[in-house]
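Novice: would you be able to build a 3D model of this:
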Amino acid sequence: MWNKFLLLGIKKESFLDKNLTKEQIYKEIRHRVQRKRFNSYDLEKLYKYVINKKYNNNTIIESGSGNNEIQNMEEIQGYRNIIHEEEYVTRFITEKYNRETSISNWKMNLYLLKGNYSDILKDKSIDIGLINSYIEGYSFVDNAKNSSFNKIRREISTISAYSPEKAVEYAITYAFNYNTAKYPSYAGKGGDCANFISQALNAGGKPMVGINSTNFSNWFCRSNQLWDVNKISSTWRGADAFGHYWMTRAVSYRNFDSSHFKEDSKFKKVLSYGNRGDAVSLLNSNGRPFHTLIIIDYSKDDLICAAHSNDTINASLRDYGFFSGGGIRVYKMSE
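Specialist: Numbering: from 1, shown residues only. Take a look at the predicted model:
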């Protein structure tokens, strides 16, 4: 691998011997590969190699796919979680209430669960965590579909100063080395995607809001302890609640269904809307977020994203949108 880097004038010793921070390593790599034939996948491999050699720690988590294309949504932890949850709920409804249902019949499932919630709580054999997560997630979907502001640009009276450059720099710096000195990691414990993108947005200048972790109008993280949930809002750490929060607080947002990723002419609308530093939710076929990313770069006819769970700085937004089932939602974070 290093033969290619050496031909470009990039010597590993210059990164390993110098007293550089992770942020400085990223800036140096970006500076040296400018105007050279060096694609984003190679950049990811170089950055991962240097960080691993320099810091020699076990927080490096390799990308699950091993390449720059998404071949299977089941590689994404959030997708596996949501499928498990929805299969559990549909099976529960069928067995408990003798009502044939399916994952696509989410509206009936939601209303049935809400209407019988007090009765459900009495059954100790039920996984109430999965039931609550389903109710919360599809309540957000239901509200979004019924809201008059859905997909319509809204003026925000007080938009905080936001630096896409700082958000992107943070995302790449901590894509493979989790910032556990300041934040918890949910990798392997439900997924770290929303937690990671929230960190990047905050690094870019989006301020934390509130102190009540169960209030969906709040967004904050004031602990690096995994289960200190009173100090970490659900809007910060969960894909569903993250999407709900930023639909009303981003400069604007827009949904792009899966058809936008199958035709070049329609994908141009995605390219013209998304920018570096914007957050992205992947949506299932019902319109429910299951994974969160941030746009960090542009390539020929694509937008490149960073994410945790799978850890990457080389995710093709076009591939993600094509395979997601319900397309994506882009949250514009700056004008």
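Novice: just for this protein, where's the confidence low?
Specialist: For the chain, residues meeting the criterion pLDDT under 70 lie at 1-72, 148-160.
Novice: residue contacts, the spatially most distant residue from the centre of the chain?
Specialist: In the chain, counting by Cα atoms, centre = their mean, Asn98 sits farthest out from the average C-alpha position, at 36.3 Å. By Cβ atoms under 8 Å, 6 or more residues apart in numbering, no residues touch Asn98. Just so you know, the C-beta spots here come from the backbone N, C-alpha and C atoms, and that holds for glycine as well.
Novice: what's it sitting at in phi/psi?
Specialist: phi 50, psi 40 (degrees, to the nearest 10).
Novice: please apply the same query to Tyr162.
Specialist: phi -130, psi 130.
Novice: quick one: it from Leu112, how far?
Specialist: Distance, Tyr162 to Leu112, by Cβ to Cβ, to the nearest Å: 41 Å.
Novice: count of neighbours near the nearest residue to Tyr178 once chain neighbours are set aside?
Specialist: The shortest distance from Tyr178 to any non-neighbouring residue, by Cβ to Cβ, 6 or more residues apart in numbering, is to Ser185 (4.8 Å). Residues lying near Ser185 (other Cβ atoms under 10 Å) number 18.
Novice: now do the phi/psi pair for Ser185.
Specialist: Note on Ser185: backbone dihedrals following degrees, to the nearest 10 are phi -120, psi 130.
Novice: just to check, it is in contact with Leu226?
Specialist: Yes. Counting by Cβ atoms under 8 Å, Ser185 touches Leu226, with 7.2 Å between them.
Novice: what about stretch 95-109, distance to the chain center?
Specialist: 28 Å (Cα atoms, centre = their mean, to the nearest Å).
Novice: what about the longest helix in the protein?
Specialist: Counting residues, the longest helix found in the chain (DSSP state H) is helix 77-97.
Novice: which strands or helices does that one pack on?
Specialist: helix 106-115, helix 128-146, strand 289-299 (3 or more Cβ pairs under 8 Å, 6 or more residues apart in numbering; DSSP states H and E).
Novice: most neighbours per residue, which of those?
Specialist: Burial of the helices and strands packed on helix 77-97 is given as mean neighbour count (mean count of other Cβ atoms under 10 Å); strand 289-299 ranks first at a mean of 25.
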